[in-house]
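> Would you be able to build a 3D model of this:
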Amino acid sequence: MTIDLLDSPCLAEAPRLLWRQRLRDAASLSALVWIGFEIGLWLARGIVEQELERRAQAPTSWPECPHCGRRLHSKGFRARQLTTWLGTIRWRRRVGRCPGHCDGVQAMPLDEALGVQPYQHISVEVERLGCLLSLFLPFELASELMRQMSGVSVSSSSLWQWVQRRGQQAVEQLERQLSHLANGGNIEPDDLDEAVAQMALVMAADGVMVPIRPQVGTSQGKTRWLEVKVAVLARLGQRVTRSGRSVTQLYHRRLVAVLGSIEELAPRLQLEALRQGLLSAPKVVWLSDGGKGFWRLYRHYFATYAVAILDFYHAASHLWRAAAAWLDGRTSSAKWCFQRWRHLLRHGGDRQLLRELTRLIQRDELTPSSRKTLIQVQQYLQDHRSHIHYHDYAQQELPLGSGIVE
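The predicted structure follows:
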């Protein structure tokens, strides 16, 4: 038996004949899909409005007047509408006022139960979509894409205001959480899927230069470049490719960033690490290049919990500096030396590598500048001697580079 969805009893007044005619006239599959999408929105609006009407007719519990203490009385129904992802939703709800006519006392319990604020014209899901689009696109493009996706027209200036408001709310929430943590409060970890919770937690940190507009709300003026401190947290899992090869995959990724110093990043990263299961993860891994500030942060907050790994590719770049300084002017020899040292570093020969660098530093034929470079590289690796056991890390299927934050 075939059911005609357009004969739904909850939409008795809908223009069924018009929809049917549009469906018959549609020449292509794409046109049919778009008409079907419009019908879906139309049906969904009718269902939502019908449910709102049902709730509006339910008995209402009225609060007391905050001024005189008398219970509010119903003054009948008043219309309300809101622009939503489904289009404009219209409904009626009861309005209550004080029987003693106290000024400014009015209640609409259904609106409060629905989370609708006074003077609100746009629903939360539409505002959320606008903010998400604006994170990845200029406001003008986000506005146009939003119109094409949903039929909801929102100006670029409104999107900018939404982002500012939501951003301020997020900042205030973060400040409350940081204050709670600083005062010794407990941080509840996120609820994770059981399989994800058994994966290693990896943290990586770095700095990135970003262009900052000098004036709010306009691109006028000279752009300034400032450094943002960034950290990424993720669960480290594995997946099997079509060819049967096991490769690393990141799950439950989270980003922490601050336009400021490492000291400002530190409590935010600690907060997010606790949220992501720092205290319960079966293994915690810290990844970073040789920046002293990030390693200071590691030692202060995470050394008790985490295995630390110096980014292999930064370490290898220092080996090239050493090889080029020792064999200055002999490119092929320097390349051969670098490749040998890099192999030692990667495959468990870090102690032998440090001994060779130490012996080189003691050679008489070195120039002062070459000796200075070799000392710097040797000291760099010596300072991180506990963080360069790359052969062991690879056997444990741990990442060797900070690519997740790069």
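> contacts and neighbour counts: CA atoms only from here.
Will do.
> Toward the C-terminus, what is the element adjacent to the lengthiest helix in the chain?
The helix that spans the most residues within the chain, counting by DSSP state H, is helix 29-57. On the C-terminal side of helix 29-57, the closest following helix or strand by DSSP states H and E is strand 73-84.
> Buried ones in that next one, by neighbour count?
His73, Ser74, Leu82, Thr83, Thr84 (16 or more other Cα atoms under 10 Å).
> just those residues now: which is nearest Trp336?
Thr84 (65.0 Å; Cα to Cα).
> Now do the contacts for the closest one.
Each residue near Thr84 by Cα atoms under 8 Å, 6 or more residues apart in numbering is listed here: Ile122, Ser123, Val124, Glu125, Val126, Val152.
> Just list whatever residues bridge to it.
Gly87 (DSSP bridges).
> Now restrict the contacts of Thr84 to buried residues only.
For the contacts of Thr84, buried by 16+ other Cα under 10 Å: Ile122, Ser123, Val126, Val152.
> Would you point out the most distant pair within those residues?
Ser123 and Val152 (11.1 Å).
> shared neighbours of the two, which are they?
Going by Cα under 8 Å, 6+ apart, residues that sit against Ser123 and also against Val152 are Thr83, Thr84, Trp85.
> if we take the residues you listed, which one ends up nearest to Leu366?
Looking across the shared contacts of Ser123 and Val152 and measuring by Cα to Cα, the closest to Leu366 is Trp85, at 71.8 Å.
> Just give me the neighbour total for the closest one.
Per other Cα atoms under 10 Å, the neighbour tally for Trp85 reads 20.
> tell me which element Thr248 is part of?
strand 246-258.
> Mind checking the pLDDT average for that strand?
In this model, strand 246-258 has an average pLDDT of 90.
> For the stretch 201-350 of the chain, which segments count as strands?
224-240, 246-258, 284-288, 306-310 (DSSP state E, counting those that start in this stretch).
> Please produce TSV containing the ones you listed, extended by distance to His384 and mean neighbour count.
Formatted as TSV, these follow (distance: least, Cα to Cα, whole Å; neighbours: other Cα atoms under 10 Å):
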stretch	distance to His384	mean neighbour count
strand 224-240	20	18
strand 246-258	25	15
strand 284-288	11	25
strand 306-310	7	22
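> Tell me which of the ones you listed sits nearest to Glu397.
Comparing the strands of the stretch 201-350 of the chain by Cα to Cα, strand 246-258 comes nearest, at 8.3 Å.
> Would you state the helices of the stretch 151-300 of the chain in chain order?
With helices called from DSSP state H, counting those that start in this stretch, the stretch 151-300 of the chain shows them at 156-182, 194-197, 262-275, 292-301.
> Turn those helices into TSV, including mean pLDDT.
Formatted as TSV, the helices of the stretch 151-300 of the chain follow (pLDDT from 0 to 100):
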stretch	mean pLDDT
helix 156-182	93
helix 194-197	92
helix 262-275	95
helix 292-301	93
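> can you redo those as TSV with distance to Trp336 and mean neighbour count?
Output for these, formatted as TSV (distance: least, Cα to Cα, whole Å; neighbours: other Cα under 10 Å):
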stretch	distance to Trp336	mean neighbour count
helix 156-182	51	14
helix 194-197	43	13
helix 262-275	38	19
helix 292-301	30	16
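> Including distance to Val405, could the ones you listed go into a markdown table?
Listed next are these as a markdown table, based on distance: least, Cα to Cα, whole Å:
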| stretch | distance to Val405 |
| --- | --- |
| helix 156-182 | 22 |
| helix 194-197 | 20 |
| helix 262-275 | 14 |
| helix 292-301 | 13 |
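> so where's this structure uncertain?
1-16, 217-219, 329 (pLDDT under 70).
> What is the most widely separated pair among the contacts of Thr84?
Maximum distance among the contacts of Thr84 (Cα to Cα): 13.1 Å, for Val124 and Val152.
> Thr60 against Pro109, yeah?
Yes. Assessed by Cα atoms under 8 Å, Thr60 is found in contact with Pro109 at 7.5 Å.
> Same drill for the two, tell me which one is more crowded.
Shown here are Thr60 and Pro109; by other Cα under 10 Å, Pro109 has more neighbours (18 against 15).
> In contact with the more buried one: list those residues for me.
Contacts for Pro109 (Cα under 8 Å, 6+ apart) come out as Thr60, Ser61, Trp62, Arg94, Val95.
> burial measure for the third one, as a count.
Right, the one you point to is Trp62. 16.
> Check the one 3 residues further on too.
Using other Cα under 10 Å, Cys65 is surrounded by 20 other residues.
> Would you mind measuring from it to Asp311?
Separation of Cys65 from Asp311 (Cα to Cα, to the nearest Å): 65 Å.
> likewise Ile262?
18 Å.
> now Gln168
In terms of Cα to Cα, Gln168 sits 35 Å off from Asp311.
> Same check on Leu178?
Distance, Leu178 to Asp311, using Cα to Cα: 29 Å.
> likewise Gln339?
For Gln339, the distance to Asp311 equals 17 Å [Cα to Cα].
> Just read off the phi/psi values of Arg367.
Not quite, residue 367 is Thr, not Arg. With angles defined as degrees, to the nearest 10, Thr367 sits at phi -80, psi 160.
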